[in-house]
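**Student:** this one's structure only:
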């Protein structure tokens, strides 16, 4: 095996000279060389689809620091390594499917990294032999005792139970709503209700008490796929989930398990509507939301809420609300794809006088909030509320004269 490793990395079989007195750490270039090697190595690893899945949800800055400390120790340099032993530190990855072929890929990238840095072939062979020496421990997995303990204790329990899941969801959605890469998908969503559903889902997914009664992953996210949700957005969600768990001090091993569970639903989340559902969606939002009666009821409830909202009610002083409601019903009927008899002014012209009085984004947000609350009160499905919110949001710039 050692000869095969040396052949892989271009090393010879030795020249028969006495062992070098200097450590490999020193001969390879010391701290600067190890730091550069680890940075290049992880750049290669994270770009390789054969192995990068094992690093999802991992704090790579922390991981790189641990790897630098380990290699410094392994290569005979100043020993500051205090991490877990090889078997224990990689057992959760073996559980996720890591095997000898993945280890071979890692060895390949280590060799390519050292070559890129101009390290001599004989030193690459020494480094390869050291790395190869840990293969057995890295791939050993959990002991029988550890497996038995894991079977008895769910991830839900190991991660901290209900309190930990509640805290994680709250922090997670705070991060999501602050992230412009994904927050658009939550416009018009009742976040209190969304958080409750997410807590119930994660409790079930992590093996806790199962009271999840929500929609399946495909059906629950199909409307978001129709709005453009794709792999890049799921990557962001998994990234933010990992950051959340790190912030809560969850162990890397458990974060890896959580990431694997989240990753396992990617296909369903991004599957989108079935052909039958797409055909049904060809009906206008006006029809799907309940037609004229639903729009009439929504506008009446909406203006009742608006006129009771101190943030925006001043903009309706002196307005003929019967006339205003009739115009709004006609506009929404048109905007939602119903029979079009809207003859009102365009958004920019119709709201210019309100902008002069101070109408701004915060007021528009309040209107959006009241619209969503209205539709929720009428038991309109979340998916249709999101569609209605997207249509309303599309008028923001015109309404505010931007």
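**Tutor:** Yep, it's here. Quick caveat, the model's predicted, so the values are computed rather than measured.
**Student:** who's in contact with residue 356?
**Tutor:** With Cβ atoms under 8 Å, 6 or more residues apart in numbering as the criterion, no residue contacts residue 356. All C-beta atoms are positioned from the backbone trio N, CA, C, and that covers glycine.
**Student:** roughly how far apart are it and residue 395?
**Tutor:** Distance of residue 356 to residue 395, given as Cβ to Cβ, to the nearest Å: 18 Å.
**Student:** do the same with residue 110
**Tutor:** 56 Å.
**Student:** How about residue 346?
**Tutor:** Distance, residue 346 to residue 395, by Cβ to Cβ: 10 Å.
**Student:** domains of this protein?
**Tutor:** What automatic domain parsing lists as the domains of the chain is 2-138, 156-269, 285-399.
**Student:** In JSON lines, list those domains along with mean pLDDT and distance to residue 147.
**Tutor:** Converted to JSON lines, the domains of the chain look like this (pLDDT from 0 to 100; distance: least, Cβ to Cβ, whole Å):
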{"stretch": "domain 2-138", "mean pLDDT": "83", "distance to residue 147": "9"}
{"stretch": "domain 156-269", "mean pLDDT": "90", "distance to residue 147": "14"}
{"stretch": "domain 285-399", "mean pLDDT": "88", "distance to residue 147": "40"}
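**Student:** Which one of those lies nearest to residue 149?
**Tutor:** Nearest to residue 149, of all the domains of the chain, is domain 156-269, at 9.5 Å by Cβ to Cβ.
**Student:** quick one, which of residue 110 and residue 395 is more surrounded?
**Tutor:** Taking other Cβ atoms under 10 Å, residue 110 and residue 395 do not tie; residue 110 has more neighbours (24 against 16).
**Student:** what helix or strand does that one sit in?
**Tutor:** Assigned by DSSP states H and E, residue 110 belongs to helix 100-116.
**Student:** That helix: how far from the chain's middle?
**Tutor:** Taking Cα atoms, centre = their mean, to the nearest Å, one finds the center of helix 100-116 at 28 Å from the center of the full chain.
**Student:** Then stretch 85-105?
**Tutor:** 24 Å.
**Student:** Then stretch 172-187?
**Tutor:** Its chain's C-alpha centre and that of stretch 172-187 lie 10 Å apart, by Cα atoms, centre = their mean.
**Student:** residues making contact with it?
**Tutor:** 191, 194-195, 198, 224, 227, 229, 232-233, 236-237, 240-241, 243-244, 368, 386, 389-390, 393.
**Student:** Give me the buried subset of these.
**Tutor:** The neighbour-count test (16 or more other Cβ atoms under 10 Å) marks 198, 224, 229, 233, 237, 240-241, 243-244, 368, 386, 389-390 as buried among those.
**Student:** In helices only, show me these.
**Tutor:** Cross-referencing these against helices under DSSP state H gives 198, 224, 233, 237, 240-241, 243-244, 368, 386, 389-390.
**Student:** Redo those residues as TSV? Include distance to residue 167.
**Tutor:** Formatted as TSV, those follow (distance: Cβ to Cβ, whole Å):
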residue	distance to residue 167
198	12
224	25
233	24
237	18
240	14
241	13
243	14
244	9
368	28
386	27
389	28
390	31
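**Student:** in stretch 343-356, what counts as buried?
**Tutor:** Within stretch 343-356, the residues that qualify as buried are 347, 351, 354, counting by 16+ other Cβ under 10 Å.
**Student:** just stretch 280-288 next, same as before
**Tutor:** For stretch 280-288, the neighbour count (16+ other Cβ under 10 Å) marks 281, 285-286, 288 as buried.
**Student:** gap between the two ends of it?
**Tutor:** By Cα to Cα, to the nearest Å, the extent of stretch 280-288 from end to end equals 9 Å.
**Student:** Make residue 1 into 309 and carry on from there
**Tutor:** Sounds good: first residue 309 from here, last item stretch 588-596.
**Student:** Tell me who's in contact with the residue most central in space within the chain.
**Tutor:** In the chain, the residue lying closest to the centroid (Cα atoms, centre = their mean) is residue 545, at 1.2 Å. Shown in contact with residue 545 (Cβ under 8 Å, 6+ apart): 484, 490, 570.
**Student:** Now a ChimeraX select for only the buried ones of the residues you listed.
**Tutor:** The ChimeraX command for the buried members of the contacts of residue 545 (criterion: 16+ other Cβ under 10 Å) is given here:
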select :484,490,570
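**Student:** could you show me where the helices are in the stretch 609-710 of the chain, in order?
**Tutor:** 629-643, 655-664, 669-685, 690-701, 704-707 (DSSP state H, counting those that start in this stretch).
**Student:** how far is the first one from where the chain is centred?
**Tutor:** Read that as helix 629-643. The mean C-alpha position of helix 629-643 is separated from the chain mean by 39 Å, Cα atoms, centre = their mean.
**Student:** which secondary structure elements does that helix contact?
**Tutor:** helix 599-615 (3 or more Cβ pairs under 8 Å, 6 or more residues apart in numbering; DSSP states H and E).
**Student:** quick check: angle from the helix it packs on to helix 669-685?
**Tutor:** 130 degrees (axes from the mean of the first three to the mean of the last three Cα atoms, to 10 degrees).
**Student:** residues of helix 599-615 that come out buried?
**Tutor:** Those would be 602-604, 606-607, 609-611, 613-614, for helix 599-615 by 16+ other Cβ under 10 Å.
**Student:** export those residues to TSV and tack on distance to residue 364?
**Tutor:** Formatted as TSV, these follow (distance: Cβ to Cβ, whole Å):
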residue	distance to residue 364
602	43
603	44
604	49
606	42
607	46
609	44
610	43
611	48
613	43
614	45
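**Student:** Confirm for me that residue 659 is in contact with residue 709.
**Tutor:** Yes: assessed by Cβ atoms under 8 Å, residue 659 is found in contact with residue 709 at 7.1 Å.
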